[in-house]
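Enquirer: okay, predicted coordinates and the sequence, questions at the end:
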Amino acid sequence: MAKPDNPDVAQIGALLNTFTTALRNKDAKSAVSVYADDAVDFDLAPPLIIDSKRVRDPAYIQTWFDTWASPIESTPHGVTIRVGGDIAFAYGLQHMTGTKTDGEKVDLWFRATACLERRNGTWKVVHMHNSVPFTMDGSERALLDLKP
């Protein structure tokens, strides 16, 4: 793991914190600001691939934000950041909680990975991948109740 006092690790941590804060505040413009122009996401909800046009469009994530009545708490746990030159990745678990507009209470743990690239001296997310495990018993149910 990269040393915590490494300036690249600090910058990447701050960038990821910007994203987490933007989620909590449902601030679409700040959320998309962490992404490179050609970023691609693999997220929990369909489609399989969220292309760079949608990833960078505040209206796209705002549609999801509008389904939440409460702030979206997404707390990182056990984050590891590795840096090699102008490429880095961060991975860990996220714990998302909050209340949807229909009253549903969300309490979900999931896996999160961010791949970053330093471009013109600035770190940007080029790929984010969030996932939950699923059963391998033939039912293919998503396992949404797992906790670390």
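Expert: Okay, I see it.
Enquirer: how is N130 assigned, secondary-structure-wise?
Expert: Classification of N130 using DSSP: H, G, I helix; E, B strand; the rest coil returns strand.
Enquirer: just give me the neighbour total for it.
Expert: A count of nearby residues for N130, using other Cβ atoms under 10 Å, gives 17. Glycine gets a C-beta too; all of them are placed from N, C-alpha and C.
Enquirer: that one bridge partners, please.
Expert: Beta bridges link N130 to A112, judged by DSSP bridges.
Enquirer: and Y35, by the same measure?
Expert: Applying DSSP bridges, one finds that Y35 bridges with V125.
Enquirer: any weak-confidence spans in the chain?
Expert: For the chain, the stretches with pLDDT under 70 are 1-4.
Enquirer: how about the helices in it?
Expert: Applying DSSP state H to the chain gives helices spanning 7-25, 28-32, 52-55, 58-65.
Enquirer: figure out which of the ones you listed is closest to A112.
Expert: helix 7-25 (9.3 Å; Cβ to Cβ).
Enquirer: restricting to C-alpha, output the closest one in CSV.
Expert: Extracted in CSV, the C-alpha atoms of helix 7-25 (Å, rounded to 0.1, in the frame of the first residue of the first chain):
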residue,chain,number,x,y,z
PRO,A,7,1.2,13.5,-1.6
ASP,A,8,-0.4,11.4,-4.4
VAL,A,9,-2.3,9.3,-1.8
ALA,A,10,-3.4,12.5,-0.1
GLN,A,11,-4.6,14.0,-3.4
ILE,A,12,-6.5,10.9,-4.4
GLY,A,13,-8.0,10.6,-0.9
ALA,A,14,-9.2,14.2,-1.2
LEU,A,15,-10.7,13.5,-4.7
LEU,A,16,-12.6,10.5,-3.4
ASN,A,17,-13.8,12.5,-0.4
THR,A,18,-15.1,15.1,-2.9
PHE,A,19,-17.2,12.4,-4.5
THR,A,20,-18.5,11.1,-1.2
THR,A,21,-19.4,14.6,0.0
ALA,A,22,-21.2,15.3,-3.4
LEU,A,23,-23.2,12.1,-2.9
ARG,A,24,-24.2,13.1,0.6
ASN,A,25,-25.3,16.5,-0.5
